[in-house]
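Student: Quick one, what's the 3D model for this:
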Amino acid sequence: MTTATETTASEALRDLAEEFWQGLMRAEPTWATMLGDRRFDDLLDDISPAGRDAERARLHDIAGRASAIDPAGLSPLERTTRSTLIEEAERELAQLGTGLERWNLDQLNGPQTFFMDLPDMQPISTPAEADAMVSRWQKVGPYMDQVSSNLRTGLANGEVATRAVTERVIDIVAGIVKRPLAEWPPMAVALAERPDWSAADRERFRAGMEEAIERGVRPAYAGFLKLLQREILPVARPDDNAGIMHVPGGADAYRKLILAHTTLPLTAEEIHEIGLREMDRIDAEMAELGARVLGTTDRTATIARLRDDPELRFSNAAEVQASAEASLARAQDAVPQWFGRTCRALCEVSPVPDFAQEHQTIAYYTWPALDGSRPGRFWINLYAPETRPRYEAEALAFHEAVPGHHLQIALAQELEGIPAFQRNLGPTAFSEGWGLYTERLADEMGLYSSDLSRFGVISYDAWRAGRLVVDTGIHAFGWSRQQAIDYLVDHTALGLNNIENEVDRYISYVGQALAYKIGQLEILKARSAAEAALGDRFDIRAFHDVVLGAGAIPLATLRARVDDWIESQRAT
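Tutor: Numbers count the residues shown, from 1 in each chain. From the prediction side, this is the model:
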């Protein structure tokens, strides 16, 4: 029988979780649009100092009130929700406290790229939706001006990005500024044929978007470009001082980012050592597979063969696309044998937009819309296909799509009985740890087409172990950009262009690269504990359902959830 106290605690948690979610949608309206919540399609995030202060106050309030709810009055799933809510608010607070907006440039996900991608996430079917899109794009110019203002504040404080990253962003922005109007993604949307609309509605959309771009956005991008070229590049940090430790307050910011991205109280020293141990293990695995499949003599010879043999590369972009699509289809067929619960949302393979290809990573994933209007997308980079290894393609697809990100994220969105924030948020360490876990799980599932493709599994595992070493090396131990590049060249089969892109990613996206391997190891530890405790009663489908059944949650909370499941299985 449910007591009044339990009802009160449950209701308080439910109401607070909903308040947190609604506040987040208002604070991050572009993300709301990407999720399919169309209420804020005419708005942009407030990145001004006042806006940041307001968001800090909101998160402090949420974390405090969630902590005050007595967990004794909650069910096990509700206790997971409470701890996840507290950690979610505290993680966002930690990231807000780093001051990255004052100096950090991001060639992958910065505003210069994000806005070009946004129209794909904001489908237009009615004149009212078109009006909202125009209103949003009228705000992009002032938003970019605020980005510039934040960066000038950082410059005054001696906070500035590195030269290599600055040059990459300059290259991207310069290409966007000189684009013909019709090739701007929002303009392409406005020019699309809509025979069911009136001529006046079509013309209003076209004219409104043209004015927003030519009188607001393009000049703001041009001003941003001048700031980068004339003010930031001349004083940008040299690549020998690539880490956040060289920025005022950087050491403290890195500690916050480690916790935010891994959800565990680890030090840079501990993470660095974990990376070195993992790399030793993977090096031996690489040498063994090389001797067996390629006839090479040691790890160095194996890596050289994988990196330099043109026969192991794709010939053209169509082959890259076809491999991704075939891998996804094969994985989708196998999922029911390994997961009790599967997702309804579809996943499709899409090429990375041409304006971003050169500086973008080899692939990434974007979420399906909650309303079903847009599938999940596995974006594959078709730039320079002759540099893309065939043996990595399958592991990449399984990580980004199924059984990796798409399965995990779409499943979370479709869960019932948990709050919206729990279905749609979550720490990087869980989602990326799951993605990395599935690369080897896919081998158990029989998804790899050959031993050659297993080199992709090992190389990618080395890549993620290397991230622990080079991210901490750069940001805590003073490694130069070149040191990080050299380490990954020595220990992974990744192509040099990919390694350079990746190292610049670690420089700009501080600490995020730590999440993959840390998350994978924690999931593997939980699985090993369950297998040891349950023996023949261990059910892999049930285990996966437990891991994915509460959304993306902090790693300590995940382990507690698995431990509870183990005890429940023992009791039956």
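Student: can I get the CA coordinates of stretch 15-26 in CSV?
Tutor: Taking Å, rounded to 0.1, in the frame of the first residue of the first chain, the C-alpha atoms of stretch 15-26 are listed here in CSV:
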residue,chain,number,x,y,z
ASP,A,15,6.8,17.8,-10.8
LEU,A,16,10.4,18.9,-10.3
ALA,A,17,11.6,16.7,-13.2
GLU,A,18,8.9,18.2,-15.5
GLU,A,19,9.9,21.7,-14.3
PHE,A,20,13.5,21.0,-15.1
TRP,A,21,12.7,19.8,-18.6
GLN,A,22,10.4,22.7,-19.5
GLY,A,23,13.0,25.1,-18.2
LEU,A,24,15.6,23.4,-20.4
MET,A,25,13.5,23.6,-23.5
ARG,A,26,13.0,27.3,-22.9
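Student: So for it, what gets flagged as buried?
Tutor: By 16 or more other C-beta atoms under 10 Å, the buried positions in stretch 15-26 come out as Leu16, Ala17, Phe20, Trp21, Gly23, Leu24, Met25. (C-beta placed from N, C-alpha, C; glycine too.)
Student: Please apply the same query to stretch 187-202.
Tutor: So, applying 16+ other C-beta under 10 Å, buried residues of stretch 187-202: Met187, Val189, Ala190, Leu191, Arg194, Trp197, Asp201, Arg202.
Student: how far is stretch 365-382 from where the chain is centred?
Tutor: Counting by C-alpha atoms, centre = their mean, to the nearest Å, stretch 365-382 is centred 13 Å from the centre of its parent chain.
Student: Could you check that stretch and say which residues are buried?
Tutor: So, applying 16+ other C-beta under 10 Å, buried residues of stretch 365-382: 365-370, 374-382.
Student: ok, which pair from these is furthest apart?
Tutor: Pairwise distances across the buried residues of stretch 365-382 peak at 28.9 Å for Leu370 and Leu382 (criterion: C-beta to C-beta).
Student: Give me the residue at the spatial middle of the protein.
Tutor: Thr428 (6.9 Å; C-alpha atoms, centre = their mean).
Student: In strands, which of the buried residues of stretch 187-202 fall?
Tutor: Judged by DSSP state E, the subset of these located in strands is empty.
Student: Save those as a markdown table, and put in pLDDT and distance to Val134 too.
Tutor: Listed next are those as a markdown table, based on pLDDT from 0 to 100; distance: C-beta to C-beta, whole Å:
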| residue | pLDDT | distance to Val134 |
| --- | --- | --- |
| Met187 | 96 | 11 |
| Val189 | 96 | 10 |
| Ala190 | 97 | 8 |
| Leu191 | 96 | 13 |
| Arg194 | 96 | 14 |
| Trp197 | 98 | 14 |
| Asp201 | 98 | 12 |
| Arg202 | 97 | 13 |
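Student: could I get these as a markdown table with distance to Arg423?
Tutor: Conversion of these to a markdown table gives the following (distance: C-beta to C-beta, whole Å):
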| residue | distance to Arg423 |
| --- | --- |
| Met187 | 34 |
| Val189 | 28 |
| Ala190 | 33 |
| Leu191 | 36 |
| Arg194 | 33 |
| Trp197 | 34 |
| Asp201 | 35 |
| Arg202 | 37 |
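Student: What ranges does the stretch 251-400 of the chain have for its strands?
Tutor: Using DSSP state E, counting those that start in this stretch, the strands of the stretch 251-400 of the chain run over 347-351, 363-366, 376-380.
Student: Quick one, which of the ones you listed gets closest to Ser323.
Tutor: Of the strands of the stretch 251-400 of the chain, nearest to Ser323 by C-beta to C-beta is strand 376-380, at 8.8 Å.
Student: Who are the contact partners of Ser323?
Tutor: Going by C-beta atoms under 8 Å, 6 or more residues apart in numbering, Ser323 touches Phe314, Arg390, Ala393, Glu394, Ala397.
Student: Can I get stretch 485-498 in PDB? Just the C-alpha atoms.
Tutor: Taking Å, rounded to 0.1, in the frame of the first residue of the first chain, the C-alpha atoms of stretch 485-498 are listed here in PDB:
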ATOM      1  CA  ILE A 485      49.400  13.500 -33.100                       C
ATOM      2  CA  ASP A 486      52.600  11.400 -32.800                       C
ATOM      3  CA  TYR A 487      51.200   9.200 -30.000                       C
ATOM      4  CA  LEU A 488      48.100   8.400 -32.100                       C
ATOM      5  CA  VAL A 489      50.100   7.800 -35.200                       C
ATOM      6  CA  ASP A 490      52.200   5.300 -33.300                       C
ATOM      7  CA  HIS A 491      49.400   3.400 -31.600                       C
ATOM      8  CA  THR A 492      46.400   3.500 -34.000                       C
ATOM      9  CA  ALA A 493      45.800   2.800 -37.700                       C
ATOM     10  CA  LEU A 494      43.900   6.000 -38.200                       C
ATOM     11  CA  GLY A 495      44.900   8.100 -41.200                       C
ATOM     12  CA  LEU A 496      47.000  11.200 -40.600                       C
ATOM     13  CA  ASN A 497      44.200  13.500 -41.800                       C
ATOM     14  CA  ASN A 498      41.800  11.900 -39.400                       C
END
